[in-house]
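In: What follows is a predicted protein model with its sequence.
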Amino acid sequence: MIARLFIMFYAIASYAVFFVSFIWALGFVGNYNQFIAKSIDTGPPGDWGEAILIDVALLALFALQHSVMARPAFKRWWTRVIPAAAERSTYVLLTSLMLLLLFWQWRPIPAPVWQAEGIVAASLTGMHWLGWLIVLASTYMINHFDLFGLRQALFALRGTEAPPEPFKAPLLYRLVRHPLMLGFLLAFWATPTMTVGHLLFAVLNTAYILVGLQLEERDLIAAFGETYQRYRERVPMLLPRLIGGRRPAASETGVPRAP
Ligand SMILES: C[S@@+](CC[C@H](N)C(=O)[O-])C[C@H]1O[C@@H](n2cnc3c(N)ncnc32)[C@H](O)[C@@H]1O
């Protein structure tokens, strides 16, 4: 019972660290210096070469941890070392710590790339916040409490193991297969003030998201098989179809097409 309570406490503590990193992420990317200690463009402009080297290293470190620890093979090995119920919380905790390190150590390159004014600036700020809203909403469409390890800890507290989450495609997941990542892309790119440092952050994160999604989809196909394959054929990856879209083939729906 003590061990189960400890896992629950660990899951809540990891969630609290995630919460801090998420709030800092909002302030970091949006440059809200009045609320947070350091944002993407704050700090004295230093040497570009050194800044690029450090920023790329920080993002690479985050990408490595975030992708390696998400793979099923790593999880199988890792859950021989730590309790299965604490695996997701550990992932959340280490990811959040990596993000805090990145925000803290990020070197700004504040040279401007674009500066929007008036209605364009307001629209970009609106799209930026829409992106964050999509990120948060998407976690609830999958299962917020499972993604952040709280569900697994709660099951452990009751003395059972959480069953794996089934395939889901509600709401935004009917428009694109990865709304959460689409939200991040909006939040990173839609800004009235784009600097060289911010552009580096947006470009590298976009590349990482595109590579990460290949790995995630490989795992999703292994987990959900034919169901995910059909979903993949029917629903675009990141950009929603604006009008109509392709009619699903009979093989995708199981229902013969009307002539
Ligand atoms: C951080 S979430 C990102 C989900 C998705 N890539 C997105 O951008 O909206 C990653 C987790 O969601 C799960 N996942 C992704 N798509 C799913 C789906 N359609 N149904 C159930 N789980 C899904 C993956 O297995 C993974 O554990």
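Out: On my side now, so go ahead. From a predicted model like this one, the values you see are computed outputs, not experimental measurements.
In: Now residue 195: phi and psi?
Out: phi -110, psi 170 (degrees, to the nearest 10).
In: where along the stretch 1-150 of the chain do the helices fall?
Out: Ranges of helices in the stretch 1-150 of the chain, per DSSP state H, counting those that start in this stretch, are 2-30, 48-68, 72-78, 87-105, 118-142, 144-147, 150-157.
In: Equivalent analysis for the stretch 151-259 of the chain, please.
Out: 179-189, 196-224, 226-234, 250-253.
In: Can you tell me which of those is packed in deepest?
Out: With neighbours defined as mean count of other CB atoms under 10 Å, those peak in mean count at helix 179-189, which reaches a mean of 21. All C-beta spots, glycine's among them, are computed from the backbone N, C-alpha and C.
In: Give me the contact list for that helix.
Out: For helix 179-189, contacts defined as CB atoms under 8 Å, 6 or more residues apart in numbering pick out 29, 127-128, 130-139, 141-142, 172-173, 176, 201-202, 205-206, 209, 212-213, 238-239.
In: Redo the helices of the stretch 151-259 of the chain as a markdown table? Include mean pLDDT and distance to residue 146.
Out: Converted to a markdown table, those look like this (pLDDT from 0 to 100; distance: least, CB to CB, whole Å):
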| stretch | mean pLDDT | distance to residue 146 |
| --- | --- | --- |
| helix 179-189 | 97 | 13 |
| helix 196-224 | 96 | 14 |
| helix 226-234 | 94 | 17 |
| helix 250-253 | 42 | 27 |
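In: so which of those helices comes closest to the ligand?
Out: Smallest distance to the ligand across the helices of the stretch 151-259 of the chain (CB to the nearest ligand atom): 3.2 Å, for helix 179-189.
In: okay, the angle between the closest one and helix 118-142?
Out: 150 degrees (axes from the mean of the first three to the mean of the last three CA atoms, to 10 degrees).
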